[in-house]
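Novice: Predicted structure and sequence below. I'll ask about it afterward.
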Amino acid sequence: MYPESLENLIECFKYLPGIGEKTAERLAFSVLDMDEERTEYFQESIKNCKKNIHECPICNVLTDKEKCDICSNASRDHHLLCVVEDPKIVFLFEKLGMFKGDYHVLKGLISPKEGINPEDIDLGKLIDRIKNSNYKEIILAFKPSIEGETTSLYIKRILGDLDLKISKIASGVPIGADMEYIDAMTLERALLDRKDIE
């Protein structure tokens, strides 16, 4: 029905999560309506993201610098470490502006059912970082799920011998909810009301 180039663009938009046929068509026609300068900017932004964005070698947060702005910031509280499962959660917390410690991003959560083991989520890097730093508290900010609970308990067991407070965000976050879709107030409350892991 559409010219091949337009059809290809529609197909490309459908690769994005949550984008169906109708939305992909709308987005493709929006691109056609853009002036040349905006189209080039759009194109360059995609290329630059793919070329320049990488994981920070210290915390795994996405950055376009040698190390991310958070790890480079000397004024942050380097006695407090918040561990998350996904870089998007870091940006979410940073938008709230209420957490001033360090972060560490795992590569997902432990899930025996899906064959995801501790070594698959790069837990070794986290443990080494904690052992070679002066952290006083580790906050585990995982989604409330079996996987989140399994990962929390595993980390608690591994770090059990260290003189550390290990807490997790409060359960005002609904069970099974994706962290990125939780409203800011609920997330802020969950972080402030964090609990020690028993």
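Specialist: Ah, there it is.

Novice: for the protein, what spans make up the strands?
Specialist: 54-55, 62-63, 77-84, 101-105, 137-140, 165-168, 195-196 (DSSP state E).

Novice: Now do the fourth one against strand 77-84, angle only.
Specialist: Put plainly, it is strand 101-105. Strand 101-105 and strand 77-84 are oriented at 30 degrees to each other (axes from the mean of the first three to the mean of the last three CA atoms, to 10 degrees).

Novice: Show me what strand 101-105 pairs with in its sheet, parallel or antiparallel.
Specialist: Sheet pairing here is set by DSSP bridges, and for strand 101-105 it gives strand 77-84 (parallel).

Novice: try the fifth one
Specialist: Here strand 137-140 is paired, per DSSP bridges, with strand 77-84 (parallel), strand 165-168 (parallel).

Novice: Please tabulate the ones you listed in TSV and include mean neighbour count and distance to G97 as additional columns.
Specialist: In this view, the C-beta of every residue, glycine as well, is placed from N, C-alpha and C. As requested, the strands paired with strand 137-140 are arranged in TSV below (neighbours: other CB atoms under 10 Å; distance: least, CB to CB, whole Å):
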stretch	mean neighbour count	distance to G97
strand 77-84	19	14
strand 165-168	18	20
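
Novice: Out of those strands, which gets the lowest mean score?
Specialist: Lowest mean pLDDT of these: strand 165-168, a mean of 91.

Novice: Which residues does that one contact?
Specialist: With CB atoms under 8 Å, 6 or more residues apart in numbering as the test, strand 165-168 has contacts from 136-142, 152, 155-156, 159, 194-197.

Novice: which among those residues end up buried?
Specialist: 137-142, 152, 155-156, 159, 194, 197 (16 or more other CB atoms under 10 Å).
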